[in-house]
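# quick one: sequence plus predicted model below, questions after.
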Amino acid sequence: MDIKKEIIEKLIKERPENTKDLERIKKNVAKKYKTSFPTNVDLLKVYHKKGEKDEKIISLLKTRPIRSLSGVVNVSVLTKPFECPGKCIYCPQEKNIPKSYLKNEPAVMRAMLSKYDPEKQVKMRIKSLEQTGHPTGKIELRIVGGTWSFYPEKYKEFFIKKCFDACNEEKSSSLREAQVKNENANHRLVCISIETRPDFITEEEIKKLRFYGVTMVELGVQSLSDEVLSFTKRGHKVKDTIKATKLLKDAGFKICYQVMPNLPKSSLEDDLNTFKRLFEDTSFRPDFLKIYPCLVLKNSPLYSLYKKEKHKVFTDKELKDLTIKIKKEIIPPYVRIQRLFRDIPVQMIEGGCKISNLREKIKEDEARGNWKCKCIRCREVRENYNKKEEVFLFREDYLASEGKEIFLSFENKEKTKLYALLRIRITENQFLPELNNSTIIREIRTYGQQISPQKNNKKSPQHKGLGKKLVEEAEKITINETDKKNIAVISGVGVRSYWKSLGYKLKKTYMIKNL
């Protein structure tokens, strides 16, 4: 018998309890064959071919479990190269690659392999995730490649429809038809995010984003200094970030800021003050944060300044210490730090931080210093779900962009394990008629191992009613604390069936319930 098949047969027969048992079985069979044992990916392929579907075995063989421990899986797709409206001096430019991206970044390599075909990219990524043991019932689609708002409308509609077609596993005649199909598809798009610049966000642009099904926007904020933005030729001002943030929040979008420490004309002290201002000033206060330290790359205008010693980069220690201060002293519990470093190969970096595993290094400092980052990502329950552990409802109110935000969460008593969350916005400044007289649910998420719709799992808090309880609390708040008659949800297309089951109805692109 083939070594892989024999290992699989033993796994099915012995049903190992943990990775230690798995390694013992692999080691014993490999010893018999006098060879090294196969990878978990190879074993999963054999297991799937047998038609077996034991979730426990699939979980043990899963590679990089973290990919589906936040309740969804992320699928990134890259748009084809377009002219960029920006002239940013730190952005690299390679031939036939979207500006600011490099050909040896993982997402770019996948895109090039499929000739930037969105449908092929999505299918390729879903297949890869499934082959490594991850469920793909709930997908967060991240569209990257530059300033989405600058692209031709015809291309954008084509691009998103193709992504839906890939998830639906069948073609549709229109984007609308593809969206309807996705409500009950095997791979449901629970969130679609795009990247754009603050100065491109207008009321009209927001209406287009809702037509496409977008629920989250990543704003390339980079700095809160007009001097820095001007010197780096970013092309927008701080007032544009303030305006874009307010418009997006009033329409219910989740907002992620991309912020870039170590830009020219800035300093360690300036950057620390920038992050303080992000959360002290009510004009900002994003929901998500990506901290992308400025890196000097050879094919960017910044490289010549660096060579002439007109731009000084932080040392690895300086940047690490800055990031620790941000996580330790500044980040509020309603924010999720998505990334701390761009996925740029070290050999491409001419100047700047080369600690690609910066997050892990900071975790080590946390352990030594006995402190904990309060951000959402650091509190997610992940694989540590215990059904016997008592869960408490917490609430935090804060002002942001001339409105009131309410952050509800289910956590353990110590607030070290986050099970589920919901964000409500209350605002009087509404430019979308369908949202008049409504509070808005901007986000709802249950964390832990992703479980496909209609399924359950004893090792995950998903599908245990936590989301429903949060929605009930949001409805009570709307009735008892506001004069609003409705509650609206900026729902991902793939989650509309869930909201329908709770009495919500589709009005234009929002799920709305009259209270």
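Good, I have the coordinates. A quick note: this is a predicted structure, and the numbers were derived from the prediction, not measured. Residues are numbered from 1 along each chain as shown.

# tell me which strands and helices the helix or strand containing Y155 is in contact with?
If you go by DSSP states H and E, Y155 is part of helix 153-168. Counting by 3 or more Cβ pairs under 8 Å, 6 or more residues apart in numbering; DSSP states H and E, the packing neighbours recorded for helix 153-168 are helix 118-131, strand 138-144, helix 175-182, strand 188-196, helix 203-212. Quick note: C-beta positions are derived from backbone N, CA and C, even for glycine.

# so can I have CSV of those showing mean neighbour count and distance to V495?
What follows is the helices and strands packed on helix 153-168, written out as CSV (neighbours: other Cβ atoms under 10 Å; distance: least, Cβ to Cβ, whole Å):
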stretch, mean neighbour count, distance to V495
helix 118-131, 19, 18
strand 138-144, 23, 8
helix 175-182, 20, 10
strand 188-196, 23, 5
helix 203-212, 17, 15
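
# compare the ones you listed and report which one is nearest to L263.
strand 188-196 (18.1 Å; Cβ to Cβ).

# which elements pack onto the closest one?
Right, strand 188-196 is packed against strand 138-144, helix 153-168, strand 216-222, strand 254-259 by 3+ Cβ pairs under 8 Å, 6+ apart.

# for E405, grab the count of nearby residues.
A count of neighbours around E405, defined by other Cβ atoms under 10 Å, yields 21.

# ok so, going back, deepest-packed of the helices and strands packed on strand 188-196, please.
Using mean count of other Cβ atoms under 10 Å, the stretch among these with the greatest mean number of neighbours is strand 216-222 (a mean of 25).

# how far does the next helix or strand after that strand sit from the chain's center?
Remark: after strand 216-222, the chain's next helix or strand is helix 226-231, criterion DSSP H and E. Put simply, helix 226-231 sits 28 Å off its chain's centre (Cα atoms, centre = their mean, to the nearest Å).

# what do you get for stretch 273-285?
21 Å.

# residues of that stretch that come out buried?
Of all the residues in stretch 273-285, those buried under the rule 16 or more other Cβ atoms under 10 Å are T274, F275, L278, F279, S283, F284, R285.

# in PDB, list the C-alpha atoms belonging to that stretch.
The C-alpha trace of stretch 273-285 is given here as PDB (Å, rounded to 0.1, in the frame of the first residue of the first chain):
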ATOM      1  CA  ASN A 273       1.200  61.300  17.800                       C
ATOM      2  CA  THR A 274      -0.500  60.300  14.500                       C
ATOM      3  CA  PHE A 275      -1.700  57.100  16.000                       C
ATOM      4  CA  LYS A 276      -2.800  58.900  19.200                       C
ATOM      5  CA  ARG A 277      -4.800  61.400  17.100                       C
ATOM      6  CA  LEU A 278      -6.400  58.600  15.100                       C
ATOM      7  CA  PHE A 279      -8.400  57.500  18.200                       C
ATOM      8  CA  GLU A 280      -8.500  60.700  20.300                       C
ATOM      9  CA  ASP A 281      -9.900  62.800  17.500                       C
ATOM     10  CA  THR A 282     -13.600  61.900  16.800                       C
ATOM     11  CA  SER A 283     -13.000  62.800  13.100                       C
ATOM     12  CA  PHE A 284     -11.200  59.500  12.600                       C
ATOM     13  CA  ARG A 285     -11.600  56.400  14.800                       C
END
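
# can you tell me what sits against it?
Here stretch 273-285 makes contact (Cβ atoms under 8 Å, 6 or more residues apart in numbering) with 223-225, 241-242, 245-246, 257, 259, 261, 266, 286, 289, 326, 330-332, 335, 398-402, 405.

# filter these down to the ones in helices?
Within the contacts of stretch 273-285, residues falling in helices by DSSP state H are T241, I242, T245, K246.

# quick one: low-confidence residue ranges for the chain.
Low-confidence segments of the chain, defined by pLDDT under 70: 1, 52, 453-456.

# the domain parsing of it - what is it?
Domain assignment for the chain by automatic domain parsing gives 3-61, 66-196, 205-379, 392-514.

# so for Y385, which of those domains sits nearest?
Using Cβ to Cβ, those put domain 392-514 closest to Y385, at 5.0 Å.

# give me the residues contacting the helix holding Y155.
Here helix 153-168 has contacts from 77, 79, 117-123, 126, 139, 141, 143, 148, 171-172, 174-175, 178-179, 181-182, 185-189, 192, 208, 212-213, 493-494, using Cβ under 8 Å, 6+ apart.

# which parts of the stretch 351-500 of the chain are strands?
All strands of the stretch 351-500 of the chain, identified by DSSP state E, counting those that start in this stretch, fall at 392-400, 403-411, 418-426, 438-446, 486-489.

# now do the helices in the stretch 1-150 of the chain.
For the stretch 1-150 of the chain, the helices defined by DSSP state H, counting those that start in this stretch occupy 3-14, 19-33, 40-49, 55-61, 106-113, 118-131.

# now those helices in a markdown table, with distance to L502?
What follows is those, written out as a markdown table (distance: least, Cβ to Cβ, whole Å):
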| stretch | distance to L502 |
| --- | --- |
| helix 3-14 | 40 |
| helix 19-33 | 38 |
| helix 40-49 | 35 |
| helix 55-61 | 27 |
| helix 106-113 | 35 |
| helix 118-131 | 28 |
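
# compare those and report which one is nearest to Q462.
Q462 sits nearest to helix 55-61 of all the helices of the stretch 1-150 of the chain, at 12.9 Å, using Cβ to Cβ.

# for that closest one, buried residues please.
Buried residues in helix 55-61 (16+ other Cβ under 10 Å): I57, I58, S59, L60, L61.

# tabulate these in TSV, adding columns for distance to E350.
Listed next are the buried residues of helix 55-61 as TSV, based on distance: Cβ to Cβ, whole Å:
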residue	distance to E350
I57	46
I58	43
S59	42
L60	42
L61	40
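
# out of the buried residues of stretch 273-285, which are inside helices?
Short answer: the buried residues of stretch 273-285 in helices (DSSP H) are T274, F275, L278, F279.

# closest one to K363 among the strands of the stretch 351-500 of the chain?
When the strands of the stretch 351-500 of the chain are compared by Cβ to Cβ, strand 418-426 sits nearest K363, at 16.7 Å.

# once you drop chain neighbours, what's closest to Q179?
V493 (4.7 Å; Cβ to Cβ, 6 or more residues apart in numbering).

# and for E390?
That would be K413: by Cβ to Cβ, 6+ apart, it lies 6.7 Å from E390.

# ok, that neighbour - how many residues close by?
Residues near K413, counting by other Cβ under 10 Å, number 10.

# my read: it touches F392, true?
Yes: counting by Cβ atoms under 8 Å, F392 is a contact partner of K413 at 5.9 Å.

# from memory Y334 sits against D397, does it?
No: applying Cβ under 8 Å as the test, Y334 and D397 come out as separate, 10.1 Å apart.

# and the two? Which one has more around it.
Using other Cβ under 10 Å, the more surrounded residue of Y334 and D397 is Y334, with 22 against 12.
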